[in-house]
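Q: this one's sequence-less:
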């Protein structure tokens with residue numbers, strides 16, 4: 001594996017991802033974004049052939065994460081990147097996929113001490129499980145996959161619920177309003193919850209079944225409630241009850 005090529009390709013992904021949202025054609029930006037993401041799968045595979053599993057996994061995950069950042073930014077912003085270069089680099093180093101919290105960076109610190117305590121307790125539990133795994137490996141319990149189960153749980157607590165939670169605390173200390181990545185992994189959110197999360201990011205709920213990004217509106221078609229044509233030429237119904245508020249929001253744009 002060539003470290004110079006690896007560094008250069010990572011720099012290319014960062015630069016491409018930063019520029020993609022600025023393209024005037026959303027179709028072109030999406031096409032290039034997906035082409036880069038698909039190409040990164042091939043490049044990372046070829047680049048790491050013959051490497052140890054841990055190194056190979058790390059390179060593939062990091063490069064694929066960087067390639068997806070451009071796609072996320074393309075869908076989040078219309079014909080512009082809402083982040084400056086420093087904010088973009090910060091967002092690219094974060095495991096989450098919402099760029100909006102980085103728009104205000106740097107800002108006043110957010111509460112983070114409880115997250116540090118939570119991360120420390122999880123990491124301690126993970127270390128205990130790793131120690132237990134090493135001890136069980138030389139006992140009669142080794143035939144019941146207990147050492148492997150303790151090992152997996154320990155690594156998960158250390159990395160997913162420990163180190164990543166520490167990174168959340170770090171960004172919150174810098175004023176970025178990011179949240180824990182694994183707070184409620186199995187809970188499906190309602191559209192109302194998404195509406196509350198996105199209300200400050202140019203989204204509007206035009207119907208009980210539809211929450212749209214106002215930046216992607218192509219035209220409004222009058223009617224009892226009317227319909228909205230979006231940038232991809234899909235049509236979304238506007239409910240009569242929400243019509244007046246919706247038109248007011250359009251006038252404010």
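A: Looks like it arrived, so ask away. Just so it is clear, the model here is predicted, and its values are computed rather than measured.
Q: Show me this protein divided up by domain.
A: 3-104, 113-173, 191-252 (automatic domain parsing).
Q: End to end on the second one, go ahead and measure it.
A: Using Cα to Cα, to the nearest Å, the end-to-end distance of domain 113-173 comes to 9 Å.
Q: how much space between residue 230 and residue 23?
A: Taking Cβ to Cβ, to the nearest Å as the measure, residue 230 and residue 23 are separated by 18 Å. Every C-beta, even on glycine, is put in place using the N, C-alpha and C of the backbone.
Q: Which residue lies nearest the spatial centre of this protein?
A: Geometric centre of the chain, nearest residue: residue 97, 1.2 Å, by Cα atoms, centre = their mean.
Q: Can you classify it by secondary structure?
A: coil (DSSP: H, G, I helix; E, B strand; the rest coil).
Q: OK, contacts around it?
A: Shown in contact with residue 97 (Cβ atoms under 8 Å, 6 or more residues apart in numbering): 68, 69, 72.
Q: Going by residue numbers, what spans are strands in this protein?
A: In the chain, the strands defined using DSSP state E lie at 203-207, 210-213, 217-221, 227-230, 235-237.
Q: okay, those strands in JSON lines with distance to residue 63, mean pLDDT and mean neighbour count next?
A: Shown next, in JSON lines, are the strands of the chain (distance: least, Cβ to Cβ, whole Å; pLDDT from 0 to 100; neighbours: other Cβ atoms under 10 Å):
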{"stretch": "strand 203-207", "distance to residue 63": "30", "mean pLDDT": "87", "mean neighbour count": "20"}
{"stretch": "strand 210-213", "distance to residue 63": "28", "mean pLDDT": "88", "mean neighbour count": "18"}
{"stretch": "strand 217-221", "distance to residue 63": "35", "mean pLDDT": "87", "mean neighbour count": "13"}
{"stretch": "strand 227-230", "distance to residue 63": "32", "mean pLDDT": "89", "mean neighbour count": "17"}
{"stretch": "strand 235-237", "distance to residue 63": "36", "mean pLDDT": "87", "mean neighbour count": "14"}
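Q: who touches residue 209 in this structure?
A: By Cβ under 8 Å, 6+ apart, the residues touching residue 209 are residue 191.
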